[in-house]
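Asks: prediction below, plus the sequence it came from.
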Amino acid sequence: TPRVFSGIQPSGGLTLGNYLGAIKRFVDMQDSGIQTLYCMVDLHAITVWQDPAALTRNTRELAAGYLAAGIDPARSILFNQSQVPEHAQLGWIFNCVARMGWMGRMTQWKDKAGKNAENASLGLFGYPALMAADILVYHATHVPVGEDQKQHIELTRDIAAKFNHDYGVDFFPMTEPVIEGAATRVMSLRDGSRKMSKSDPSDMSRINMTDDADAIAKKIRKAKTDPEPLPETVEGLKDRPEARNLVNIYAALSDQSVEAVIAAHAGAQFGTFKPALVDLAVDKLAPISSEMARLMDDPAEIDRLLGKGAAQAREIATPILQKTYDIVGMVRS
Ligand code: ATP
Ligand code: MG
């Protein structure tokens, strides 16, 4: 049976990249008739240092972001990873299936560990094995993600295939990434070669879901661009990463194709396109951020929802983990 799983780290505030590349598409998938599970992956967040109070707050704020954007706890299972211990338990088994060489080739590892790999946490190196467990502990078949996570989904398939092969079973499914739409890779507003990230040290590089209208206007106005007007055709965006990024954001926020946005704004200067983008962004994001603020006034209610979601998630995860233990040969009494 098809099943959707995806997660977001509470490693900072939500960005426009997380919204367009992930949450907005999670919301759409609720209408697909397929069971959907959405997670706050707090165990992943601590692969780099998180201040405990900030982690707590970011987890609740991420839950508020999911809810404000339209994730419906009556239709989706919404929970935080550490309340479902089966993730970490299956993650350990996958640590013993995955190979060091596979992990060392992951671009996220290279980007995040940088030149100082000696000093990175072991958890950061093993991140993709836990991510494979997040997905496969539900036998999830479809994982909506941004472009940057494609390599990790491929590794999830490699882990599933090696487990199935090593134990001579056909147990874990081959998961498909779902990477669709105009905004699968929203770029930094300061550097068209880097993706927008919640952990980027520069706040001007990203739009946060909690930014007010003035902050959104300032960041888009100051976004790096080239001096040319918008092209007449989509091909004209080639080799213009910053221009392409703003057009992609416009398209995704307005639910239009990139072609339609270019057709409507062909030849426009950024002096007119940027204010149009500001209006659109404020229009779409302000209702979400005000709903987030409202939900954050009642953290106990958020915690209650997450506890309920975790119990529902465990109902699916527990039998799959138990079956995995049986396959591996663990004695259970
Ligand atoms: P961090 O910098 O801590 O890794 P992040 O912004 O990359 O944070 P994640 O929690 O790692 O966020 O990713 C959550 C989801 O958001 C993933 O599906 C990821 O592919 C997607 N995503 C992250 N950044 C972008 C982006 N710039 N454009 C589109 N999707 C994105
Ligand atoms: Mg990331």
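Replies: Structure received. Ligands and ions are numbered 1, 2, ... in the order given.

Asks: chain center to the lengthiest helix in the chain: distance?
Replies: Identified as the longest helix of the chain according to DSSP state H is helix 299-328. How far helix 299-328 lies from its chain's middle: 20 Å, per Cα atoms, centre = their mean, to the nearest Å.

Asks: which other helices and strands does it contact?
Replies: For helix 299-328, the packing partners by 3 or more Cβ pairs under 8 Å, 6 or more residues apart in numbering; DSSP states H and E come out as strand 35-40, helix 52-69, strand 76-80, helix 86-95, helix 270-296. Yep, even glycine has a C-beta here, placed from its N, CA and C like the rest.

Asks: pLDDT of the second one, averaged?
Replies: Yep, that's helix 52-69 we're talking about. What helix 52-69 shows for mean pLDDT is 98.

Asks: got the buried residues for it?
Replies: Residues of helix 52-69 classed as buried: 55, 58-69 (neighbour count, 16 or more other Cβ atoms under 10 Å).

Asks: and the furthest pair within those residues?
Replies: Across these, the longest distance by Cβ to Cβ is 21.0 Å; it joins 55 and 69.

Asks: so residue 65 makes contact with residue 24?
Replies: No - assessed by Cβ atoms under 8 Å, residue 65 is found out of contact with residue 24, at 11.1 Å.

Asks: compute the first-to-last residue distance for stretch 208-217.
Replies: End-to-end span of stretch 208-217 (Cα to Cα, to the nearest Å): 12 Å.

Asks: so what does residue 85 have for phi and psi?
Replies: phi -60, psi -20 (degrees, to the nearest 10).

Asks: now render the helices and strands packed on helix 299-328 as a markdown table, adding distance to residue 207.
Replies: Shown next, in a markdown table, are the helices and strands packed on helix 299-328 (distance: least, Cβ to Cβ, whole Å):
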| stretch | distance to residue 207 |
| --- | --- |
| strand 35-40 | 20 |
| helix 52-69 | 13 |
| strand 76-80 | 23 |
| helix 86-95 | 30 |
| helix 270-296 | 7 |
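
Asks: I figured residue 270 hits residue 221, correct?
Replies: No - between residue 270 and residue 221 there is no contact under Cβ under 8 Å: 9.3 Å.

Asks: those two: who's more crowded?
Replies: Neighbour count, other Cβ atoms under 10 Å: between residue 270 and residue 221, residue 270 has more, with 20 against 13.

Asks: tell me how far that one lies from residue 243.
Replies: 8 Å (Cβ to Cβ, to the nearest Å).

Asks: do the same with residue 128
Replies: Distance check for residue 128 against residue 243: by Cβ to Cβ, it reads 33 Å.

Asks: just residue 134 next, same as before
Replies: Taken as Cβ to Cβ, the span from residue 134 to residue 243 is 36 Å.

Asks: neighbour count winner among the two?
Replies: Per other Cβ under 10 Å, whichever of residue 134 and residue 243 has more neighbours is residue 134, with 27 against 21.

Asks: grab the nearest non-local neighbour of that one.
Replies: Leaving aside its sequence neighbours, residue 134 sits nearest to residue 87 (Cβ to Cβ, 6 or more residues apart in numbering; 5.4 Å).

Asks: tally of neighbours for that neighbour?
Replies: A total of 26 residues lie near residue 87 under the criterion other Cβ under 10 Å.

Asks: who are the contact partners of it?
Replies: Contact partners of residue 87, counting by Cβ atoms under 8 Å, 6 or more residues apart in numbering, are 43, 81, 130, 133-134, 137, 317.

Asks: switch these over to JSON lines; also include secondary structure.
Replies: Conversion of these to JSON lines gives the following (DSSP: H, G, I helix; E, B strand; the rest coil):
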{"residue": "43", "secondary structure": "helix"}
{"residue": "81", "secondary structure": "helix"}
{"residue": "130", "secondary structure": "helix"}
{"residue": "133", "secondary structure": "helix"}
{"residue": "134", "secondary structure": "helix"}
{"residue": "137", "secondary structure": "coil"}
{"residue": "317", "secondary structure": "helix"}
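
Asks: quick one, grab the pLDDT at residue 190.
Replies: For residue 190, pLDDT reads 96.

Asks: how about the one 10 residues further on?
Replies: According to the predicted model, the pLDDT of residue 200 comes to 91.

Asks: cool, residue 280 as well?
Replies: pLDDT at residue 280 comes out at 98.

Asks: can you tell me how far it sits from residue 246?
Replies: Per Cβ to Cβ, residue 280 is found 11 Å from residue 246.

Asks: run a quick neighbour tally on the closest residue to ligand 1 within the stretch 201-333 of the chain.
Replies: Residue nearest to ligand 1 within the stretch 201-333 of the chain: residue 206 (8.0 Å; Cβ to the nearest ligand atom). Counted with other Cβ under 10 Å, the neighbours of residue 206 add up to 27.

Asks: now do the contacts for it.
Replies: Contacts of residue 206 by Cβ under 8 Å, 6+ apart are 15-17, 188-189, 196-198, 200, 219.

Asks: helices - which of those land there?
Replies: 16-17, 219.

Asks: quick one: the residue nearest to residue 134 from ligand 1, how far?
Replies: 15 Å (Cβ to the nearest ligand atom, to the nearest Å).
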